[in-house]
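S.K.: I need the structure of the sequence given here:
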Amino acid sequence: MRFYEKKYPDQDELVVVQVVSIEEMGAYVKLLEYDNIEGMILLSELSRRRIRSVQKLIRVGRNEVVMVMRLDPDKGYIDLSKRRVSAEEVVKCEEQFEKGKTVNSILSQVAKKVNVDVEELYEKIAWPLHRQYGHSYEAFKVSISEPEVFSSLSISPEILADLKSTIARRLTPKPVKVRADVEVKCFAYSGIEAIRKALKAGESESTEEIKISIRLVAPPLYVMTTTSTEKVIAMDVMEKAVKRIGEVIEQEGGDITIKMAPKIVSESEDAELKALMDKFGAANIQGAGDDDSEDSLDD
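M.R.: Presented below is the predicted three-dimensional model:
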């Protein structure tokens, strides 16, 4: 299936291809966004440097971002270049390709469910939205909160309902848990109060959307967590919180050791933490002389 309304790419366009075979003249490839039509990366267009080993530059089965140099649909050839593509262009083209793959997956699921040809859905849904929004993927994302995006499309209620439900399932942001583990110690006179002050300072870095929770695992280990659909922002807030705790505890004559820097944790890692906290238990936590810290820093 081709991702775009036009049947062939334009000259100088960047496309994603998969290497099919390597011959004396160059590498034969298929253009993944254009219904797997055949093209060739000429040997001289593989690299700007002297080629010592073709296998180190390109391999059968691997995807590559290349530029369209020349094409003649009537004669059936598309000449491509790998060496004319910059690293920045590779990133942008791969992002575009991933969007196209997502749209294709969504439409394929809907087509199978309502028993229609996927190309028909491209003609009625993807390509019109692509013209309007720059990419149908962007329209799909907007539709989660603005369903009127589809008001101009001529599709049946059944297809529309399946399309909306599939998009919601695939594109609605899923919340992630961000966690950091820190050891906070202070043997100065202020002791426990200094630790409490530092942890409160860390919690104060919370925002209206990103709330940080700090719990005691076992002295001096504390776990910091937050859950959000905005993982980049959540990571940034957590990093600021860890830094703030360090600044305050050092001012009080204590120190911080980062046992695990802020990271997105999986369900299994979360389960491991719970098991660890269960292992130490309430008795160990209260024996540390900071019994309020396990659940809250407010008291």
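S.K.: Can you pull out the low-pLDDT segments for the stretch 151-299 of the chain?
M.R.: Along the stretch 151-299 of the chain, segments meeting pLDDT under 70 span 280-299.
S.K.: Apologies, that question was intended for the stretch 1-150 of the chain.
M.R.: For the stretch 1-150 of the chain, the ranges with pLDDT under 70 are 48, 50-55.
S.K.: which stretches of it form helices?
M.R.: Listed in chain order, the helices of the stretch 1-150 of the chain (DSSP state H, counting those that start in this stretch) span 54-57, 87-114, 118-121, 127-133, 136-143.
S.K.: which of these sits most buried?
M.R.: helix 136-143 (a mean of 21; mean count of other C-beta atoms under 10 Å). The way it works is simple: take the backbone N, C-alpha and C, and place the C-beta from them, glycine included.
S.K.: by how many degrees do that one and helix 87-114 diverge?
M.R.: Interaxial angle of helix 136-143 relative to helix 87-114 (axes from the mean of the first three to the mean of the last three C-alpha atoms, to 10 degrees): 70 degrees.
S.K.: Where do the domain boundaries of this structure fall?
M.R.: For the chain, automatic domain parsing gives the domain ranges 14-84, 89-171, 176-287.
S.K.: Please tabulate these in JSON lines and include distance to residue 2 as additional columns.
M.R.: Shown next, in JSON lines, are the domains of the chain (distance: least, C-beta to C-beta, whole Å):
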{"stretch": "domain 14-84", "distance to residue 2": "4"}
{"stretch": "domain 89-171", "distance to residue 2": "8"}
{"stretch": "domain 176-287", "distance to residue 2": "33"}
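S.K.: Quick check: which of the helices of the stretch 1-150 of the chain is nearest to residue 230?
M.R.: Among these, helix 136-143 comes nearest to residue 230, with 14.5 Å by C-beta to C-beta.
S.K.: Other residues contacting the helix or strand just after that closest one?
M.R.: Following helix 136-143 in sequence order, the next helix or strand is helix 157-171 (DSSP states H and E). Contact partners of helix 157-171, identified using C-beta atoms under 8 Å, 6 or more residues apart in numbering, comprise 102, 105-106, 109-110, 113-114, 116, 121, 125, 140-141, 143-144, 147, 150, 153, 155.
S.K.: in the following helix or strand past helix 157-171, what's buried?
M.R.: For helix 157-171, the succeeding helix or strand toward the C-terminus, using DSSP H and E, is strand 176-185. Residues 176-182, 184 are the ones in strand 176-185 that count as buried (16 or more other C-beta atoms under 10 Å).
S.K.: same thing with stretch 228-248?
M.R.: The neighbour-count check on stretch 228-248 (16+ other C-beta under 10 Å) flags 228, 234-238, 240-242, 244-246, 248 as buried.
S.K.: Now, these that are in strands?
M.R.: residue 228 (DSSP state E).
S.K.: Could you list which of the buried residues of stretch 228-248 belong to helices?
M.R.: 234-238, 240-242, 244-246, 248 (DSSP state H).
S.K.: From those, pick the one nearest residue 61.
M.R.: The nearest member of those to residue 61, counting by C-beta to C-beta, is residue 235 at 34.3 Å.
S.K.: wait, the closest one sits on residue 178?
M.R.: Yes - with contacts counted by C-beta atoms under 8 Å, residue 235 reaches residue 178, the gap being 5.8 Å.
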